[in-house]
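J.: heads up, no residue letters with this:
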């Protein structure tokens, strides 16, 4: 197929839907947005009449899919995951580390560097950067991640990893010794700085915010609550990550809208209280996505946690949810049902907002002139029908 295309359909723009619009793309870039009747005729027509033409999705928190995990530390595994997520509408992806040894983290980042270097649209979602997520988690909030791979921040280790150009997002639990130094260094490297798998209280979050932390991971999941802080501090009860994010308009967060982690009421609450400018959709998907039910390793094959997929959700040995097994198309569809908001605001949480937070919105995340022709075609029921990356079908 030619990379000179004109998509005709209902265009999901950042602030509105343009009915019966035309999106003109040359050499993998958007060059014009206009009514369909004004579209140039020297491009190949992609007729999406009666359907939505949306920007490709951006996933800033994702571990695996199609039987592979980024922590496998293998280029073929990276490509397999990226192709799987492209089939669900993700066109820019941030491979995310789990807990693990330094050698395992190095292998993961090296494999992502190699995959990014050789990338073509046939390899699936484009790597926007690596999310350095594990291993600096609180001991009581490790979740499904292997506890043996958890540790407090190690300056020599994180300076080595965060100095690699591909690392764009950096996570550390705010209460850990050395967390503030971690945040300072991540800020010097212009990383998006997040607090994750944390049992931090208000004052610790305030100190983290002063050092550049601006995001917390999967809201309500593996994060501090008033109850968990009472276990840590006793009385009086203390404010948690939830209260801090709701109060501080400089903070952003994310939800896993797979229909398993959070009820529609909680998703609607997050949408209403936080809003699409500060709220992202993430998949947090693991290797069970697009794979048959069965037992899998979360994280690296060597030492990763055993989890079980029943075809709907993935759970650890204690029965708790272990990441998700759904692509971004499911997150968008579930959030649309829960929030009952205009589609551009729902799509924003899966595209422009994460792109902006991760520092890549200049090239992707919305249908705007000059940006890459990363496009998702959705039915009226928000079912995914086609995906294009830089104008090429995925």
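T.: All right, it came through fine. Since this is a predicted model, take the numbers as computed values, not measurements. Residues are numbered from 1 along each chain as shown.
J.: Tell me where the longest strand sits in the chain.
T.: If you go by DSSP state E, the chain has its longest strand at strand 44-55.
J.: quick one: it to chain centroid distance?
T.: In terms of Cα atoms, centre = their mean, to the nearest Å, the gap separating the centre of strand 44-55 from the centre of its chain is 25 Å.
J.: Return the list of helices and strands in contact with it.
T.: strand 5-12, strand 17-26, helix 343-350, strand 375-378 (3 or more Cβ pairs under 8 Å, 6 or more residues apart in numbering; DSSP states H and E). For every residue, glycine as well, the C-beta is placed using N, CA and C.
J.: Please produce a markdown table containing these, extended by mean neighbour count, mean pLDDT and distance to residue 333.
T.: What follows is those, written out as a markdown table (neighbours: other Cβ atoms under 10 Å; pLDDT from 0 to 100; distance: least, Cβ to Cβ, whole Å):
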| stretch | mean neighbour count | mean pLDDT | distance to residue 333 |
| --- | --- | --- | --- |
| strand 5-12 | 23 | 97 | 14 |
| strand 17-26 | 20 | 97 | 17 |
| helix 343-350 | 25 | 98 | 9 |
| strand 375-378 | 26 | 98 | 9 |
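J.: Using TSV, lay out these together with distance to residue 130.
T.: Formatted as TSV, the helices and strands packed on strand 44-55 follow (distance: least, Cβ to Cβ, whole Å):
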stretch	distance to residue 130
strand 5-12	28
strand 17-26	28
helix 343-350	20
strand 375-378	23
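J.: closest to residue 366 out of these?
T.: Nearest to residue 366 among these is helix 343-350; the distance by Cβ to Cβ comes to 8.0 Å.
J.: tally of neighbours for residue 118?
T.: Using other Cβ atoms under 10 Å, residue 118 has 10 neighbouring residues.
J.: so where's the stretch 1-150 of the chain shaky on pLDDT?
T.: Confidence mapping of the stretch 1-150 of the chain against pLDDT under 70 gives the ranges 1-3.
J.: related to what we said a few turns ago, neighbouring strands for the longest strand of the chain, and are they parallel or not?
T.: strand 5-12 (parallel), strand 375-378 (antiparallel) (DSSP bridges).
J.: how about those, which one is nearest residue 108?
T.: Taking Cβ to Cβ, strand 375-378 is the member of the strands paired with strand 44-55 nearest to residue 108, at 27.2 Å.
J.: How far off centre is the next helix or strand after that closest one?
T.: Note on strand 375-378: by DSSP states H and E, the next helix or strand toward the C-terminus is strand 384-389. Computed by Cα atoms, centre = their mean, the chain-centroid distance of strand 384-389 equals 18 Å.
J.: Listing partners with orientation, what would you give for strand 384-389?
T.: For strand 384-389, the pairing partners within the sheet under DSSP bridges are strand 375-378 (antiparallel), strand 392-393 (antiparallel).
J.: TSV for these, including distance to residue 109?
T.: Formatted as TSV, these follow (distance: least, Cβ to Cβ, whole Å):
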stretch	distance to residue 109
strand 375-378	28
strand 392-393	27
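J.: Let me see the ranges of the helices in the stretch 101-250 of the chain.
T.: Applying DSSP state H, counting those that start in this stretch to the stretch 101-250 of the chain gives helices spanning 102-117, 155-162, 179-188, 202-210, 226-233, 241-247.
J.: Please parse this protein into its domains.
T.: 5-54+378-393, 57-362 (automatic domain parsing).
J.: Need the winner for burial among those.
T.: domain 57-362 (a mean of 21; mean count of other Cβ atoms under 10 Å).
J.: And the strands in the stretch 251-394 of the chain?
T.: Assigned by DSSP state E, counting those that start in this stretch, the stretch 251-394 of the chain shows strands spanning 253-255, 279-281, 294-298, 305-309, 314-315, 375-378, 384-389, 392-393.
J.: possible to save these as CSV with distance to residue 88?
T.: What follows is those, written out as CSV (distance: least, Cβ to Cβ, whole Å):
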stretch, distance to residue 88
strand 253-255, 17
strand 279-281, 12
strand 294-298, 18
strand 305-309, 16
strand 314-315, 16
strand 375-378, 9
strand 384-389, 7
strand 392-393, 15
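J.: mind checking which of those is nearest residue 204?
T.: With Cβ to Cβ, the closest approach to residue 204 among the strands of the stretch 251-394 of the chain belongs to strand 253-255: 16.5 Å.
J.: Relative to residue 35, how far out is the residue nearest to residue 32 when sequence neighbours are not counted?
T.: Distances taken as Cβ to Cβ, 6 or more residues apart in numbering place residue 24 nearest to residue 32, at 3.9 Å, with adjacent residues excluded. Remark: distance between residue 24 and residue 35 (Cβ to Cβ, to the nearest Å) = 12 Å.
J.: rewinding a little: any chance of the domains of the chain in JSON lines with distance to residue 370 as columns?
T.: Below are the domains of the chain laid out as JSON lines (distance: least, Cβ to Cβ, whole Å):
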{"stretch": "domain 5-54+378-393", "distance to residue 370": "7"}
{"stretch": "domain 57-362", "distance to residue 370": "8"}
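J.: Can you say which of the ones you listed is nearest to residue 369?
T.: Of the domains of the chain, nearest to residue 369 by Cβ to Cβ is domain 5-54+378-393, at 5.5 Å.
J.: My guess is residue 245 contacts residue 216. True?
T.: Yes: look at residue 245 against residue 216 with Cβ atoms under 8 Å: they come within range, at 5.9 Å.
J.: report the angle between the axes of the following helix or strand past the longest strand of the chain and helix 343-350?
T.: Later in the chain than strand 44-55, the nearest helix or strand by DSSP H and E is strand 57-62. Orientation of strand 57-62 against helix 343-350 (axes from the mean of the first three to the mean of the last three Cα atoms, to 10 degrees) gives an angle of 40 degrees.
J.: Can you pull the residues that touch both of residue 245 and residue 216?
T.: Common neighbours of residue 245 and residue 216 (criterion: Cβ atoms under 8 Å, 6 or more residues apart in numbering): 251, 253.
J.: Now for residue 364: which residues touch it?
T.: Taking Cβ under 8 Å, 6+ apart as the test, what residue 364 contacts is 55, 56, 58, 91, 92, 126, 128, 351, 355, 371, 372, 374.
J.: Nothing else from me, thank you.
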